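Novice: missing the sequence, but the structure's below:
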């Protein structure tokens, strides 16, 4: 099944995640740091992709190296348990959503990563 978000612009979706974090006093860099930890993209590559026309789905499909700790990212996002999502690509997308949710709730990048890196 192909979800609409897979074909959306990475820039548009990522900008929305940044805006969500910034509304809560966090920074663009915080979102980049969490994304880098999750996907293995270095910060320079993330900046390049942010300025490119890559789709959100391709951003996740081409991730260099997902952290093995990502399986610890559980819970509900948009009313759905992350660990029960059958589509692996959607599961990765929702994991990033979950990380940004924690950021928007006032947690630091260090605390968020520490929570899952067990």
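Specialist: Ah, there it is. No experiment lies behind these values; they were computed from the predicted model shown.
Novice: which residues sit in contact with the residue nearest the centre of the chain?
Specialist: Nearest to the geometric centre of the chain sits residue 96, at 2.4 Å (C-alpha atoms, centre = their mean). The contact partners of residue 96, by C-beta atoms under 8 Å, 6 or more residues apart in numbering, come to 17, 34, 35, 38, 39. Just so you know, the C-beta spots here come from the backbone N, C-alpha and C atoms, and that holds for glycine as well.
Novice: how about the nearest residue to the second one, chain neighbours excluded?
Specialist: Closest residue to residue 34 apart from its sequence neighbours, by C-beta to C-beta, 6 or more residues apart in numbering: residue 99 at 4.6 Å.
Novice: hey, which helix is longest across the protein?
Specialist: Looking across the chain with DSSP state H, the single longest helix is helix 88-104.
Novice: got the buried residues for the helix or strand following it?
Specialist: Going down the chain from helix 88-104, the next helix or strand is helix 109-116, by DSSP states H and E. By neighbour count with 16 or more other C-beta atoms under 10 Å, helix 109-116 contains the buried residues 109, 112, 113, 116.
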